[in-house]
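Asks: Fold the following for me, if possible:
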Amino acid sequence: MFKQKTHGTISPKFETETNNSMLLAQKAHQRYLLHSSTEDLTQAINYYIEALKANPNASNAYFRLASLLHNNGQIGIESAIEQCKRAVELDPKNPNAHMYLGYFLSLNAQYDEAAEHFKQAIKLKPLKSSRTRLVMALTLLEKMKTKKKTLADFSSALYYIFSGSVLFMFDSAGVKMFLKNLADDISFIKYRTFGEILEKTNNDKEAYNLYSNALDRTGNKAVFYEKMANIAKKKKRYDVALQCYQNAVELSCESPMSIVSAIEFIEEYYPEKVDDLIDLYTILTARAPELSRCYYELGHLYLKKEDKISAVNAFSLALKNEPENPFYLNSLAFAYVQLEQYDGAIELYQKALNLNPDNEWSSVVAQALAAIYHQVKGNSDAALSMLQNALLLTKEKAPIYQAIADVYYDIEDLDRAIEYYNHSLDENCDNPKAYSRLAMAYWEKDYIEKAIIYYSKAIDLDPEYDIAYNNLGVIFLDGLGDANRALAYFENAVDINPNYVLAHFNIGRAYEILGQKIDAAKKYQIALNINKINPEVDSQMIEDMLYKLFEA
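Replies: Model prediction:
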């Protein structure tokens, strides 16, 4: 990835540039190891790259850069191995180059080859081989997990653990890092402890300021940003809290825990920030791809954006990790419905139903499946069978009775429709839609008085029910020939919903029957204009009524 050709010796100028870049890179690298800061990581990578540009033979830059890029997910193991091999080629006597190469070989399950490089590193600098010996021990233990265990490997692992621990004091770099870690930990503990004491004594402002000071005096900025966010949230300064959580995510090198905290906050206080949530969940899936719930949440976020294909992909990835999760199956089925892939949705819904994690939940899934059978496939028998199964699974039977009644109504079995609408109302007598549908069924059977009673009941329960007003007007106009009373109901419907095309059209009909042709023409024209924007009826029908007004 970053291999370059060599060109002989390096000029003093480039050598100075290389040394400066390497020094800055190593300092940033150390800070990154101490604090896991994204800023330090980026600086270290950039400085190592500058060092290699100035001197393509700088072996230290190859393996250190490979380590950072691999940890950051920018290169794979094979590329990291290639760059470490390059470092060994340039400087075969560099123990660190051998150690890093051995480490990446062990990650690639090339245990024997890794061991050879670890041994070479130990041979080159025996007294400063503490880290190499410990990594060698871990490699032997990992090898024992995947290959045949031998007493020799186990004994060797114990030897390298013991000798690595003994030689630690001779490893100046390791001791230096240990002391830096110790000093930073003491400073971190001091600020965190005093801050928590201030919080417990309700001195939130002082605690917030203390945490703010800690940002410049310790390397654990992400932790203190989260503590500042918690205080800001407590004080209902949600904009400040949001910024703190975002800083914590960035400075923690996108630590899963920081991401989860930010997600939980945004979901609670800024649920409309769908793009931000998608970004955070996407990062989280990259850090922890085994967390299938993240893909599940991503799928629902994509559905909010009406990005149906991305939703399907996200739910599919969730199922890849948990293929028998009924909730994931149900969500993927719903996404398929949005894409009008109904056969795939039916298969997934059926599989989710067979798993049946909860009767009430399964009842809802059965209703969704019934809707596809009825509204898309035109299979009323399958829809009714599924709805009958749903009835057995739930205590909330009213909506299912109504769904069954709707199927019977649509297949013109009005007696059964009336029966089930009444069952629905027996379960829930405060449902205006059920009264309206029952009234319509009675109207279809020419039971005008009952239709009027039940439409009136629907309006009593929901005074804003525009459809019930319109339909009641139709009964008075077409069933009883009372245009004046019908007109009042149509006008109520239009007052509630000014864009209700059919209600405007019916007002025109009422005016026409009353002999008010000019008023009728105006209403037909209004209905025609609105229908062009929100198609509701056949425009030709409205035009025919309009032109007929002025025929000789």
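
Asks: which stretches of the stretch 451-552 of the chain form helices?
Replies: Here the stretch 451-552 of the chain has its helices, by DSSP state H, counting those that start in this stretch, at 466-474, 483-496, 501-513, 517-533, 539-548.

Asks: likewise the stretch 151-300 of the chain?
Replies: Applying DSSP H, counting those that start in this stretch to the stretch 151-300 of the chain gives helices spanning 151-166, 172-200, 204-217, 221-234, 238-251, 256-269, 274-287, 292-304.

Asks: Turn these into TSV, columns for mean neighbour count.
Replies: Any C-beta I mention is one placed from the backbone N, CA and C, and that applies to glycine too. TSV is the format used below for the helices of the stretch 151-300 of the chain (neighbours: other C-beta atoms under 10 Å):
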stretch	mean neighbour count
helix 151-166	15
helix 172-200	14
helix 204-217	17
helix 221-234	22
helix 238-251	20
helix 256-269	18
helix 274-287	18
helix 292-304	21
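
Asks: If you average pLDDT over each of those helices, which is lowest?
Replies: Sorting these by mean pLDDT places helix 172-200 lowest, at a mean of 60.

Asks: thinking again about what came up before, any chance of a markdown table for the helices of the stretch 451-552 of the chain, columns mean neighbour count?
Replies: Formatted as a markdown table, the helices of the stretch 451-552 of the chain follow (neighbours: other C-beta under 10 Å):
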| stretch | mean neighbour count |
| --- | --- |
| helix 466-474 | 24 |
| helix 483-496 | 19 |
| helix 501-513 | 24 |
| helix 517-533 | 17 |
| helix 539-548 | 14 |
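
Asks: Arrange those helices in JSON lines, one row each, with distance to Ser258 and mean pLDDT as further columns.
Replies: Converted to JSON lines, these look like this (distance: least, C-beta to C-beta, whole Å; pLDDT from 0 to 100):
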{"stretch": "helix 466-474", "distance to Ser258": "50", "mean pLDDT": "96"}
{"stretch": "helix 483-496", "distance to Ser258": "50", "mean pLDDT": "96"}
{"stretch": "helix 501-513", "distance to Ser258": "53", "mean pLDDT": "95"}
{"stretch": "helix 517-533", "distance to Ser258": "48", "mean pLDDT": "92"}
{"stretch": "helix 539-548", "distance to Ser258": "57", "mean pLDDT": "89"}
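
Asks: nearest to Val249, of the ones you listed?
Replies: Nearest to Val249, of all these, is helix 517-533, at 44.6 Å by C-beta to C-beta.

Asks: Just the C-alphas of that closest one, formatted as PDB.
Replies: Extracted in PDB, the C-alpha atoms of helix 517-533 (Å, rounded to 0.1, in the frame of the first residue of the first chain):
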ATOM      1  CA  LYS A 517     -77.000  25.300 -11.300                       C
ATOM      2  CA  ILE A 518     -74.500  28.100 -10.900                       C
ATOM      3  CA  ASP A 519     -73.600  26.900  -7.300                       C
ATOM      4  CA  ALA A 520     -73.500  23.400  -8.600                       C
ATOM      5  CA  ALA A 521     -71.100  24.300 -11.400                       C
ATOM      6  CA  LYS A 522     -68.800  26.100  -9.000                       C
ATOM      7  CA  LYS A 523     -68.600  23.000  -6.800                       C
ATOM      8  CA  TYR A 524     -68.100  20.600  -9.700                       C
ATOM      9  CA  GLN A 525     -65.200  22.900 -10.800                       C
ATOM     10  CA  ILE A 526     -63.700  22.900  -7.300                       C
ATOM     11  CA  ALA A 527     -63.900  19.200  -7.200                       C
ATOM     12  CA  LEU A 528     -62.300  18.900 -10.600                       C
ATOM     13  CA  ASN A 529     -59.400  21.200  -9.700                       C
ATOM     14  CA  ILE A 530     -58.700  19.400  -6.400                       C
ATOM     15  CA  ASN A 531     -58.900  16.000  -8.100                       C
ATOM     16  CA  LYS A 532     -56.100  17.000 -10.400                       C
ATOM     17  CA  ILE A 533     -53.800  17.400  -7.400                       C
END
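
Asks: how much does that helix deviate in direction from helix 539-548?
Replies: On the basis of axes from the mean of the first three to the mean of the last three C-alpha atoms, to 10 degrees, helix 517-533 is oriented at 160 degrees to helix 539-548.

Asks: helices and strands around helix 517-533, which ones?
Replies: helix 501-513, helix 539-548 (3 or more C-beta pairs under 8 Å, 6 or more residues apart in numbering; DSSP states H and E).

Asks: Of the helices of the stretch 451-552 of the chain, which is nearest Lys445?
Replies: Distance to Lys445, taken as C-beta to C-beta, is lowest for helix 466-474 among the helices of the stretch 451-552 of the chain, at 14.7 Å.

Asks: ok, and what's touching that closest one?
Replies: Contacts to helix 466-474, defined as C-beta atoms under 8 Å, 6 or more residues apart in numbering, come from residues 432, 435-436, 439-440, 443, 452, 455-456, 458-459, 462, 485-490, 492-493, 496-497, 500, 502-503, 506, 510.

Asks: Enumerate every residue touching the residue nearest in space to the middle of the chain.
Replies: For the chain, Leu298 is the residue whose C-alpha lies nearest the centre (C-alpha atoms, centre = their mean; 2.1 Å). By C-beta under 8 Å, 6+ apart, Leu298 lies in contact with 278, 281-282, 285, 310, 314.

Asks: Can you give me the neighbour number for Ala451?
Replies: 24 (other C-beta atoms under 10 Å).

Asks: And it, how far from Arg437?
Replies: Counting by C-beta to C-beta, to the nearest Å, the gap from Ala451 to Arg437 is 11 Å.

Asks: What of Ser292?
Replies: 41 Å.

Asks: With Asp204 instead?
Replies: Distance, Asp204 to Arg437, by C-beta to C-beta: 56 Å.

Asks: before we move on, back to that, what is the most widely separated pair among the contacts of Leu298?
Replies: The two members of these with the most space between them (C-beta to C-beta) are Thr285 and Ser310, at 12.7 Å.

Asks: then stretch 401-420 to PDB, C-alphas only?
Replies: Output in PDB follows, covering the C-alpha atoms of stretch 401-420 (Å, rounded to 0.1, in the frame of the first residue of the first chain):
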ATOM      1  CA  TYR A 401     -63.200  -8.900  14.000                       C
ATOM      2  CA  GLN A 402     -63.200  -5.700  12.000                       C
ATOM      3  CA  ALA A 403     -60.600  -7.000   9.600                       C
ATOM      4  CA  ILE A 404     -62.600 -10.200   9.100                       C
ATOM      5  CA  ALA A 405     -65.700  -8.100   8.500                       C
ATOM      6  CA  ASP A 406     -63.900  -6.000   5.900                       C
ATOM      7  CA  VAL A 407     -62.900  -9.100   4.000                       C
ATOM      8  CA  TYR A 408     -66.500 -10.300   4.000                       C
ATOM      9  CA  TYR A 409     -67.700  -6.800   2.900                       C
ATOM     10  CA  ASP A 410     -65.200  -6.700   0.000                       C
ATOM     11  CA  ILE A 411     -66.400 -10.100  -1.200                       C
ATOM     12  CA  GLU A 412     -70.000  -8.900  -0.800                       C
ATOM     13  CA  ASP A 413     -71.000 -11.300   1.900                       C
ATOM     14  CA  LEU A 414     -72.800  -8.500   3.700                       C
ATOM     15  CA  ASP A 415     -74.600 -10.600   6.300                       C
ATOM     16  CA  ARG A 416     -71.300 -12.000   7.600                       C
ATOM     17  CA  ALA A 417     -69.700  -8.600   7.400                       C
ATOM     18  CA  ILE A 418     -72.500  -7.200   9.600                       C
ATOM     19  CA  GLU A 419     -72.100 -10.100  12.000                       C
ATOM     20  CA  TYR A 420     -68.400  -9.400  12.500                       C
END
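
Asks: Any buried residues in that stretch, and which?
Replies: Of the residues in stretch 401-420, 401-409, 411, 413-414, 416-420 count as buried by neighbour count, 16 or more other C-beta atoms under 10 Å.

Asks: Would you map out the domains in this structure?
Replies: Following automatic domain parsing, one gets these domains for the chain: 12-170, 171-288, 464-552.

Asks: And those: which comes nearest Ile372?
Replies: domain 464-552 (24.5 Å).

Asks: okay, the domains of the chain in JSON lines with distance to Asn356 next?
Replies: Formatted as JSON lines, these follow (distance: least, C-beta to C-beta, whole Å):
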{"stretch": "domain 12-170", "distance to Asn356": "38"}
{"stretch": "domain 171-288", "distance to Asn356": "28"}
{"stretch": "domain 464-552", "distance to Asn356": "36"}
